[in-house]
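[1] structure for the following, please:
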Amino acid sequence: MAKSTVALPLPAQHLGTARHVTVHRYGTPGARPKAYVQAGLHADEIPGMLVAHHLIARLDEADRSGAIRGEVIVVPVANPIGLDQYLAGRLHGRSSLEHGQNFNRGFADLVETVAPRLEGRLGGDAAGNVAAIRAALLEALGETRSGSDVQALRRTLLTLAIDADIVLDLHCDLESLMHMYVSDDLWPGAADLAAQLGCRAVMLAGDSGGDPFDEACSMPWWKLRLRFGERFPVPSACLSATVELRGKSDVQDGTAASDADNILRFLQRRGLVAGAPGPVPPARCAATPLSGVDRLIAPLPGIVAFRREIGDLVRKGEVVAEIVDPTAEDPRAARTPLVSRTAGLLWSRTQMKMAAAGETVAAVAGTLPLSDRTWSLLVD
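    Numbers count the residues shown, from 1 in each chain. Alright, predicted model coming up:
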């Protein structure tokens, strides 16, 4: 089936407004495997949108040559609401200015709804159970109601992705290396994706808190396995990952084209697109627990003076940055050190050189969980 492009309308929150989500579809609906790729859920994170642009060009070529083997859906701009949030000339697309909600939080956890419905519908055949669970998830999602345009957007995106075999949610950090978040239940099965993308860090968590998009797609499988696994086989049928395409300023055609090539090779390797992807590149990192990430917080406001660079390996107890108070009476007492509580890779740091009190300044990926990192592991 030839490619189709559709515009899915979102309900108008205010009189005289209209928004839609543009969806590029390849292959035959219902074909397997199915992959879903979206970009710009945090609408001020631009790198993924440019990667999606290049990926669509490659998939168009594959479609013209009859190389699409499964079903591929690409949503290059997943958040038209956030993309419209300009204030004083600056795009504020991470959270809804109207509702105060992070656009990548609050996606529906459907497990409690679908679990009772699956009684009597599961059996000894794993493939049959996967089909039954996917049908139940779509059924439950179709019954949800949207009280706002943000809720309607979440429902629209999740409806496109909830039954996919592969879900890639393209984001970026502030200033960072290529990295990825994925469920520990999916590791090391997702190691080829991380290696193909050249990830320098991979953070694992089953439930990071807040119900982000990728976990709304992958979490039902391990939660339902906890419920039914002793009686029926419930495989992890959705490889869902949040891919962080470096930092906000990393918006270059050459880099985006290379990232799109790597995503295409991954889709080829997973049987969605015909072609020879070549060997999996050597892994550039080992996976570490998301609970092992030390997010260095500014205890007071001031200028951020970094002592270490992105990509550096830091030691536990090492000063990564200092917060400088230029108004201090004595300059010798004007600096507050930010010390890493773990040894690991400095993979992210803020672009802003003036920090507010309580703001995350940098992040170090450690190999061991930190005692206070048990819930809400992601930055709001």
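[2] quick one, helices of the stretch 1-150 of the chain?
    47-64, 111-118, 126-142, 149-161 (DSSP state H, counting those that start in this stretch).
[3] what's stretch 229-238 in contact with?
    Stretch 229-238 has contacts (CB atoms under 8 Å, 6 or more residues apart in numbering) with 122-126, 129-130, 133-134, 164-167, 183, 185-186, 189, 217-218, 220-222, 224-225, 228. All C-beta spots, glycine's among them, are computed from the backbone N, C-alpha and C.
[4] between the two ends of that stretch, how far is it?
    Using CA to CA, to the nearest Å, the end-to-end distance of stretch 229-238 comes out at 16 Å.
[5] could you give the separation of that stretch from the chain centroid?
    Centroid displacement of stretch 229-238 relative to its chain, using CA atoms, centre = their mean, to the nearest Å, is 24 Å.
[6] show me which of the contacts of stretch 229-238 are buried.
    For the contacts of stretch 229-238, a burial check counting by 16 or more other CB atoms under 10 Å picks out 122, 129-130, 133-134, 164-167, 183, 185-186, 217-218, 220-222, 224-225, 228.
[7] mind checking which of the residues you listed land in helices?
    Using DSSP state H, the members of the buried ones among the contacts of stretch 229-238 that fall in helices are Asn129, Val130, Ile133, Arg134, Cys217, Ser218, Pro220, Trp221, Trp222, Leu224, Arg225, Phe228.
[8] returning to what we had before: ok, which of the helices of the stretch 1-150 of the chain comes nearest Arg32?
    helix 126-142 (9.8 Å; CB to CB).
[9] for the closest one, packing partners?
    Helix 126-142 sits against helix 111-118, helix 149-161, helix 213-228, with contacts defined as 3 or more CB pairs under 8 Å, 6 or more residues apart in numbering; DSSP states H and E.
[10] let's see that with 7 Å instead.
    In terms of contacts (3 or more CB pairs under 7 Å, 6 or more residues apart in numbering; DSSP states H and E), helix 126-142 is packed against helix 111-118, helix 149-161.
[11] tell me the domain boundaries of the chain?
    Structural domains assigned to the chain are 4-285, 290-366, following automatic domain parsing.
[12] any chance of those domains in a markdown table, with mean pLDDT and distance to Val379 too?
    Listed next are these as a markdown table, based on pLDDT from 0 to 100; distance: least, CB to CB, whole Å:
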| stretch | mean pLDDT | distance to Val379 |
| --- | --- | --- |
| domain 4-285 | 97 | 9 |
| domain 290-366 | 97 | 6 |
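[13] how long is stretch 178-197 from one end to the other?
    8 Å.
[14] check stretch 183-197 too.
    17 Å.
[15] got a list of contacts for stretch 187-201?
    Residues from elsewhere that reach stretch 187-201 (CB atoms under 7 Å, 6 or more residues apart in numbering): 177-180, 182, 202, 204, 239, 241, 243, 262, 265-266, 269, 280-285, 287, 345, 347, 365.
[16] and if we set it to 6 Å?
    Residues outside stretch 187-201 that contact it (CB atoms under 6 Å, 6 or more residues apart in numbering): 177-180, 182, 202, 204, 239, 241, 262, 265-266, 280-281, 283-285, 287, 345, 347, 365.
[17] what's the answer for stretch 310-327, then?
    296, 298, 302-308, 334-340, 342-343, 345-346, 361-362, 364.
[18] gap between the spatially closest residue to Asp185 that is not a sequence neighbour and Glu215?
    With sequence-adjacent residues excluded and distances taken as CB to CB, 6 or more residues apart in numbering, Asp185 is closest to Trp222, at 4.4 Å. Here Trp222 is placed at a distance of 10 Å from Glu215 (CB to CB, to the nearest Å).
[19] I figured Leu97 hits Leu87, correct?
    No - at 7.2 Å, Leu97 does not count as touching Leu87 under the criterion of CB atoms under 6 Å.
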